[in-house]
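**Q** what's the 3D shape of this:
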Amino acid sequence: MCDTLLAAASETVDGTVVFAKNSDRRDGEAQPFLQAPAASHPPGASVQCTHATIPQVSETYDVMGHSPWWVWGFEQGVNEHRVAIGNLTVFSREPVEEAPGLIGMDLVRLGLERGRTAREALEVMAALLEAHGQGGAALGPDAAGYHNAFALADPGGCWLLETSGRHWVARQVTLESHSNHLSIGDDWDISCRTLEGFARASGWWQRAGRIDVARAYRNPHVPGRISEGRLRRSRELLLRRSGRLDVSETCGILRDHLAGGPARLPGTTPDDEPYYTLCMHSEPIGTTTASLVASLPPVSATPWPVWISFGTPCTGIFLPVYVDGVLPGALARGAEHDEPDSAWWSFKRLQDAASPDFPARTPRLRERWSELETRINSARVPVERAAAEAQRAGRADDASGLLSEFMASATGDALTLAGEMAETIGA
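**A** Coordinates of the predicted model:
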């Protein structure tokens, strides 16, 4: 499960494009934040993805993103060209291929490594999907695969890409959210050549005129309560903020628990639509295990922070990270079992400490985190300014060093506070 938010420049306070996503997976599945530098590759090189080996391209870009511990690809991430991409599970009438191929998280990373714009990344991903298919374990190392949808953004705009097997369709959007069902109707902009013909041959679409993709391909046997309520809620919250959306407001949407605000309220069951809130604590379906918010400025504005969270964002903090710096090692650690020096596991321990009484304990966490967020935000402004001056002067290494030191300091402060609160929140 997952939820994404997209807002074009016309919908935000500062004229930047906003991309945001909650990654909802199995509770306890570590999802560290990884970085891969730009690289050149020799002719004939290949790349080993999660299940499949495919030909490598001659050049790949700087990327960073959230990656479940056992996966090669990313649930959500960005590249050096200010492209952001995330994937979501969707359910089609078409069976998932049995043969291992590229999973959705592989396609996210491949799109980031090979695309200078959101549209270019979309075309890369679509071509790879048609060539290699999407199959193999994706819900977990020994679990089922699934069809994918993708949200893509760059400073020029936003796209939704939805897939079924090796078929795909895409639509450019201005202010939109996406959840876990096919939602592009007959308002699509581009598609694969076989999209309509396959649906007609399968008996899913017999009407005249332009194909309504969601009506043709969506699996009617998957309960709508799992995703439809979340989609209505995210669209409602986006519309309320139209024209004034910023990073803080977006983080608030990702923390939403309906009437509880950022605090998870008890009393619902998996049979109830409100059980599935944007910030998910919704086993056996899924729990939010990582979140990302990116405000994508024009190329002239540099450096630019990406805001990431581990575990449920209601109990944690969004930390700023920079593709131009070197990430702290703690952010990239997170294996199958608890690790004391892993940021992901540190925030999971705090989440677990709050879970016996979210309504009472979450507000206390939010108060303490708010104080640290204010300090980090105040400190990052002069660091970004100094790094920008170093970059303009041609001193890229100095700029990277400034950003790296700042990330290390902010991460260290957050981990220290997380540890303190995990020990005392129940007292």
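**Q** What's the end-to-end length of stretch 170-189?
**A** 6 Å (Cα to Cα, to the nearest Å).
**Q** what pLDDT, on average, does that stretch get?
**A** For stretch 170-189, mean pLDDT is 96.
**Q** what comes up buried for that stretch?
**A** Using 16 or more other Cβ atoms under 10 Å as the test for burial, stretch 170-189 gives 170-173, 175-184, 188. Every residue, glycine included, has its C-beta placed from N, CA and C.
**Q** Same question for stretch 45-53.
**A** Residues Val47, Cys49, Thr50, His51, Ala52 are the ones in stretch 45-53 that count as buried (16+ other Cβ under 10 Å).
**Q** got it, and stretch 216-230?
**A** Buried, per 16+ other Cβ under 10 Å, within stretch 216-230: Ala216, Tyr217, Arg218, Ile226, Ser227, Glu228, Gly229, Arg230.
**Q** Check those residues against Phe33 and report the nearest one.
**A** Arg230 (23.8 Å; Cβ to Cβ).
**Q** distance of the closest one from Gly73?
**A** 23 Å (Cβ to Cβ, to the nearest Å).
**Q** ditto for Gly325
**A** From Gly325 to Gly73 the distance is 22 Å (Cβ to Cβ).
**Q** hang on, the earlier thing: so which of the buried residues of stretch 45-53 sit within helices?
**A** If you go by DSSP state H, the buried residues of stretch 45-53 have nothing in helices.
**Q** returning to that earlier point: of all pairs in the buried residues of stretch 170-189, which one is the farthest apart?
**A** Greatest spatial distance among these (Cβ to Cβ): Gln172 and Asn180, at 21.2 Å.
**Q** Run a quick neighbour tally on His41.
**A** His41 has 14 neighbouring residues, counting by other Cβ atoms under 10 Å.
**Q** actually Trp204, sorry about that
**A** Trp204: 17 neighbours (other Cβ under 10 Å).
**Q** now Thr411
**A** The local packing of Thr411 (other Cβ under 10 Å) involves 21 other residues.
**Q** Just list what the host helix or strand of it packs against, helices and strands only.
**A** Thr411 belongs to helix 396-424 when assigned by DSSP states H and E. With contacts taken as 3 or more Cβ pairs under 8 Å, 6 or more residues apart in numbering; DSSP states H and E, helix 396-424 sits against strand 319-321, helix 329-332, helix 343-354, helix 358-392.
**Q** which other residues reach the shortest one?
**A** Same thing as strand 319-321. The contact list for strand 319-321, computed with Cβ atoms under 8 Å, 6 or more residues apart in numbering, reads 33, 64, 305-309, 327, 331, 376, 380, 406-407, 410-411, 414.
**Q** Just the closest of those residues to Ala153, please.
**A** Of all the contacts of strand 319-321, Val306 has the smallest distance to Ala153: 12.0 Å, by Cβ to Cβ.
**Q** Identify the residue nearest that closest one in space, chain neighbours excluded?
**A** Nearest non-adjacent residue to Val306, counting by Cβ to Cβ, 6 or more residues apart in numbering: Ala294, 4.8 Å away.
**Q** With Thr60 instead?
**A** Spatially, and ignoring its direct neighbours in sequence, Thr60 is nearest to Glu113 (4.1 Å; Cβ to Cβ, 6+ apart).
**Q** Could you grab the helix/strand/coil label for the residue nearest to Val306?
**A** Counting by DSSP: H, G, I helix; E, B strand; the rest coil, the backbone at Ala294 sits in strand.
**Q** One more: the one 4 residues further on?
**A** Using three-state DSSP, the three-state assignment for Pro298 comes out as coil.
**Q** Walk me through which strands the host helix or strand of Ala151 pairs with, and which way each runs.
**A** Using DSSP H and E, Ala151 sits in strand 147-154. Paired neighbours of strand 147-154 in the sheet (DSSP bridges): strand 84-90 (antiparallel), strand 157-164 (antiparallel).
**Q** Let's have those strands in JSON lines, adding mean neighbour count.
**A** JSON lines is the format used below for the strands paired with strand 147-154 (neighbours: other Cβ atoms under 10 Å):
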{"stretch": "strand 84-90", "mean neighbour count": "29"}
{"stretch": "strand 157-164", "mean neighbour count": "26"}
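**Q** Next, format the ones you listed as CSV and append distance to Ala399 and mean pLDDT.
**A** Converted to CSV, these look like this (distance: least, Cβ to Cβ, whole Å; pLDDT from 0 to 100):
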stretch, distance to Ala399, mean pLDDT
strand 84-90, 21, 97
strand 157-164, 28, 97
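**Q** what's the closest of those strands to Arg349?
**A** Among these, strand 84-90 comes nearest to Arg349, with 25.6 Å by Cβ to Cβ.
**Q** Give the residue spans of the stretch 101-250 of the chain that score low on pLDDT.
**A** For the stretch 101-250 of the chain, not a single residue meets the criterion pLDDT under 70.
**Q** Going along the chain, name the strands of it.
**A** 147-154, 157-164, 167-173, 175-178, 190-191 (DSSP state E, counting those that start in this stretch).
**Q** so which of those comes closest to Val17?
**A** Closest approach to Val17 among these is made by strand 147-154 (5.2 Å; Cβ to Cβ).
**Q** May I have the closest one as CSV, with CA atoms only?
**A** Output in CSV follows, covering the C-alpha atoms of strand 147-154 (Å, rounded to 0.1, in the frame of the first residue of the first chain):
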residue,chain,number,x,y,z
HIS,A,147,1.2,-4.4,-10.6
ASN,A,148,2.4,-0.8,-10.1
ALA,A,149,1.5,2.8,-10.4
PHE,A,150,4.0,5.6,-10.2
ALA,A,151,4.1,9.3,-9.3
LEU,A,152,6.8,11.3,-11.1
ALA,A,153,7.7,15.0,-10.7
ASP,A,154,10.4,17.5,-11.7
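**Q** buried sites along that strand?
**A** So, applying 16+ other Cβ under 10 Å, buried residues of strand 147-154: His147, Asn148, Ala149, Phe150, Ala151, Leu152, Ala153, Asp154.
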